[in-house]
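> Turn this into a model:
(chains A and B)
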Amino acid sequence: MRMSQLFSQTLREAPAEAEVDSHRLLLRAGYVRPLGAGIFSYLPLARRSMTRIETIIREEMDRIGGQEITMPVVHPAALWQETGRWYAIGDELTRFQDRADRDMVLAMTHEEVVADLARKEINSYRQLPLLVYQIQTKWRDEPRSRAGLIRVREFTMKDSYSLDLDEAGLDVQYRAHYQAYFNIYHRCGLPVLAVASDTGMMGGSLAHEYMYLTPIGEDTLLVCEATGYAANREVARFAKPAAAPEAPLPMEKIATPGTTTIDTLAALLNIPKARTAKAVFMVATLLEDQQTVERFVFAVIRGDMEVNERKLANAVQARELRPATEDEIRAIGAVPGYGSPVGVKNCLIVVDDAIPASPNLVAGANEDGYHYRNVNSGRDYTPHVVADIAAARDGDPTPDGRGTLREVRGVEVGNIFKLGTRYTVALNATYLDKDGQAKPIIMGSYGIGVGRLLACLAEHYHDDKGLLLPISIAPYQVHLVLLPGEGMAEVADRVYQALTAAGVEVLYDDRDERAGVKFNDADLIGVPLRLTLSPRALQNGGAEFKRRRDKDSRIVALDDILPTMQAEIAALYAEIRAGVVAVPYR
RNA sequence: CGGGGUGUGGCGCAGCCGGUUAGCGCGCACGCUUUGGGAGCGUGAGGUCGUCGAUUCGAAUUCGACCACCCCGACCA
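Numbering: from 1, shown residues only, chains lettered A, B, ... in the order given. Sure thing, here's the model as predicted:
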């Protein structure tokens, strides 16, 4: 490609709104342009990189048996009503009416359509297992886009869907994706970590997220290098310090004026915080028979821990969770600051799983200025739900107790979900087994954000001069810089033709610009190999060759340019291949 | 949705205690000079100062409403 013809301009200065490096550089180097909040045009340079990423994805999906399809972007609302997500999902699902006033949605994901295809096309166990995928534009009206391409509202996503006879089949396809995703990221040159994650609105039983670790990430993770444990904060577990076994003692009311926090309570009574029970008041929105109802949730956790709201929401299967108002708290018979599960009514009591194993705790008395000593779950009150609702924090021990959790930030570049029968039962997608019995198809769904992957690569591969992309996803392999001089253009044209004819992908800077401009643009765009043709280089015996990542250059004779470039490209690809490794499943 | 910020040629910014014809750098076009790390000089094009309304003899400048974008939070399949 001749740069004089390229539809792209570099910018000396980045627009003021760009704050993160990848955003700034992708704008400055002329890869993308904004159209609105979280909406971008992808210019030729970005388009080429994304095509490379998509090619890698296709190869890896095909390798595990995927078949590429394309599903509609606009869906009839009826389908989403059948699975209930029409009601369960908020404004991030864009709804509209067609000319006949029929409700429609813009697709944010395709579980419904896949399950609909399955119920129409699949009849027999002989047709399974199956894996379909597409690479397509998704629209999600996120409340807040941010950080350039990291979080946008319109984006390209590879989504695949597995269909299986049973859980064992699902497990096979899930594990195949687990490794295929690592292959994809490794081939792009992006280091990632697979972490256990929440299944969220997708439903289902098991999920992993692929995280690129970076301080600008919006997810918080808890990881331990020693043990390999890694999980999203939303689901991270940890070994809770056990309470000393003790026979239950009689409950006893004590005066504790002015002690409305765990800190002041523990100090007043001179006991560790682990000997206290903390009350957290929330109101959950639950979905019952397609109706949303609010229920008061009384959460109880030991004083040395904090509640993780996502875990709590999952424990009661809440769609939403919000702090309760003081009036709501008093309405169930509790007193803020002195809350106790003893004697409250009209609420869902959820206790952390460390509570039943912790005897004789100090809890509130639901009376201003008083607490109870020796409160015991099961004896003094009956919890409706016992679950792990404690937040894992930096420094906590790993679940197996052998390591220490560290808190890091990451960007989610992909995820894999075991959906089970969440959608196939709702849509009655079944197959007949060997015995002629109708059984629900078992589903999994798997996603990769292509643009976000590019943004993470830009985030990972850059220096103060610009991008520095891996050969496997750079828009071009060789950046050919022509500097003016008698007959130079003819020489450079010949080199360009020869390389291109041999299949080398060349960005040829034939513009009438000064050397400094060309070198700076080359550094900005980040093509991995650079060739400079100039009178000086020619006098020294050929063209000047430099890798983008190296400081030094060397002269390559004109006749050696093609084999040298081919060898350099092969060497860079070999480096990439060496990084493609099997990752243990966990 | 809550909090904060910013809107002035393509980009970065100044002007804003009301007062000429709205300015600077970069970029863009043309000419001459220059030519290995974002050249110099000259000429020129390009702006209803986010929108609407109010105050005023007079508004980029003051006030109000709205809109857009960015950041933090909530949210996030």
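
> Just checking stretch A:12-24 against RNA strand B, any contact.
Yes: using C-beta under 7 Å from any atom of the strand, stretch A:12-24 reaches RNA strand B at A:12-17, A:19-20. Bear in mind the C-beta positions are built from the backbone N, C-alpha and C, glycine included.

> Just the buried residues of stretch A:270-290, please?
Buried residues in stretch A:270-290, counted by 16 or more other C-beta atoms under 10 Å: A:273-284, A:286.

> Helices of the stretch 151-300 of chain A, residue ranges please.
A:167-188, A:262-269 (DSSP state H, counting those that start in this stretch).

> Which one, of those, ends up nearest to A:Val506?
Nearest of the helices of the stretch 151-300 of chain A to A:Val506, taken as C-beta to C-beta: helix A:167-188 at 21.5 Å.

> about what we covered before: show me the two of the residues of stretch A:12-24 next to RNA strand B that sit farthest apart.
For the residues of stretch A:12-24 next to RNA strand B, and using C-beta to C-beta, no pair is farther apart than A:Arg12 and A:Val20, which are 19.0 Å apart.

> Which one's more surrounded, the two?
A:Val20 (19 against 8; other C-beta atoms under 10 Å).

> Grab the nearest non-local neighbour of that one.
A:Ala147 (4.6 Å; C-beta to C-beta, 6 or more residues apart in numbering).

> thinking that neighbour is in contact with A:Leu26, fair?
No: look at A:Ala147 against A:Leu26 with C-beta atoms under 8 Å: they stay out of range, at 11.0 Å.

> Give the residues shared as contacts by the two.
Taking C-beta atoms under 8 Å, 6 or more residues apart in numbering as the contact rule, A:Ala147 and A:Leu26 both touch A:Ala455.

> who in the stretch 251-400 of chain A is up against RNA strand B?
So the stretch 251-400 of chain A meets RNA strand B at A:309, A:321 (C-beta under 7 Å from any atom of the strand).

> same thing but 10 Å
Residues of the stretch 251-400 of chain A lying near RNA strand B by C-beta under 10 Å from any atom of the strand: A:309-310, A:313, A:318-322.

> Tell me which of those fall in strands.
Among those, the members found in strands (DSSP state E) are A:318-322.

> Tell me the first helix or strand C-terminal of the helix or strand in which A:Gln497 is found.
According to DSSP states H and E, A:Gln497 maps onto helix A:488-501. Sequence order places strand A:506-509 as the next helix or strand after helix A:488-501, per DSSP H and E.

> Point out the most buried one among the helices of the stretch 151-300 of chain A.
Among the helices of the stretch 151-300 of chain A, ranked by average contacts under mean count of other C-beta atoms under 10 Å, first place goes to helix A:167-188 (a mean of 20).

> packing partners for it?
Packing partners of helix A:167-188 (3 or more C-beta pairs under 8 Å, 6 or more residues apart in numbering; DSSP states H and E): helix A:44-63, strand A:154-164, strand A:193-196, strand A:206-213, strand A:406-420, strand A:442-449, helix A:450-460, helix A:561-578.

> want to throw the ones you listed into TSV with distance to RNA strand B?
Shown next, in TSV, are the helices and strands packed on helix A:167-188 (distance: least, C-beta to the nearest atom of the strand, whole Å):
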stretch	distance to RNA strand B
helix A:44-63	14
strand A:154-164	8
strand A:193-196	13
strand A:206-213	8
strand A:406-420	5
strand A:442-449	6
helix A:450-460	11
helix A:561-578	14
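
> Of the helices of the stretch 151-300 of chain A, which is nearest A:Leu538?
helix A:167-188 (36.8 Å).

> Okay, angle between the closest one and helix A:44-63 too, please.
Orientation check (axes from the mean of the first three to the mean of the last three C-alpha atoms, to 10 degrees): helix A:167-188 against helix A:44-63 gives 140 degrees.

> what's the average pLDDT for helix A:167-188?
Averaging pLDDT along helix A:167-188 gives 95.

> how distant is it from the center of its chain?
Offset of helix A:167-188 from its chain centre (C-alpha atoms, centre = their mean, to the nearest Å): 16 Å.

> That helix vs RNA strand B: in contact?
No: judged by C-beta under 10 Å from any atom of the strand, helix A:167-188 makes no contact with RNA strand B; its nearest approach is 14.0 Å.

> what's the angle between that helix and helix A:450-460?
On the basis of the same axes, to 10 degrees, helix A:167-188 is oriented at 50 degrees to helix A:450-460.

> check contacts around A:Leu25.
A:14, A:458, A:462, A:466-467, A:524.

> Most distant residue from the centre of chain A?
Of all residues in chain A, A:Glu486 has its C-alpha farthest from the mean position, at 53.8 Å, by C-alpha atoms, centre = their mean.

> what's near enough to touch it?
Counted by C-beta under 8 Å, 6+ apart, A:Glu486 has contacts A:Pro535.

> among the residues of stretch A:12-24 next to RNA strand B, who's most crowded?
Highest neighbour count within the residues of stretch A:12-24 next to RNA strand B, by other C-beta under 10 Å: A:Val20, with 19 neighbours.

> hang on, isn't it packed against A:Gly217?
No: with contact defined as C-beta under 8 Å, A:Val20 and A:Gly217 do not form a contacting pair (10.5 Å).

> Just the ones of the contacts of A:Leu25 in helices?
The subset of the contacts of A:Leu25 located in helices under the criterion DSSP state H comprises A:458, A:524.

> got CSV for the contacts of A:Leu25, with distance to A:Tyr161 too?
Listed next are the contacts of A:Leu25 as CSV, based on distance: C-beta to C-beta, whole Å:
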residue, distance to A:Tyr161
A:Ala14, 39
A:Ala458, 29
A:His462, 35
A:Gly466, 38
A:Leu467, 34
A:Leu524, 39
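
> Quick one, which of the contacts of A:Leu25 has the minimum pLDDT?
The lowest pLDDT within the contacts of A:Leu25 belongs to A:Ala14, which sits at 79.

> Just confirm that residue contacts A:Leu27, I think it does.
Yes: using C-beta under 8 Å, A:Ala14 is in contact with A:Leu27, at 5.5 Å.

> returning to what we had before: the helix holding A:Gln497 vs RNA strand B: in contact?
Yes: interface with RNA strand B: helix A:488-501 contributes A:Met488 (C-beta under 10 Å from any atom of the strand).

> what sits up against that helix?
Contact with helix A:488-501 is made by A:2, A:478, A:480, A:482, A:506, A:508, A:510, A:531, A:533-535, A:538, A:543, A:558, A:561-562, A:565, as judged by C-beta under 8 Å, 6+ apart.

> Can I get the buried part of the residues you listed as one PyMOL selection?
Filtering the contacts of helix A:488-501 down to the buried ones (16+ other C-beta under 10 Å) takes a single PyMOL command:
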select buried, chain A and resi 478+480+482+506+508+510+531+533+534+538+543+558+561+562+565
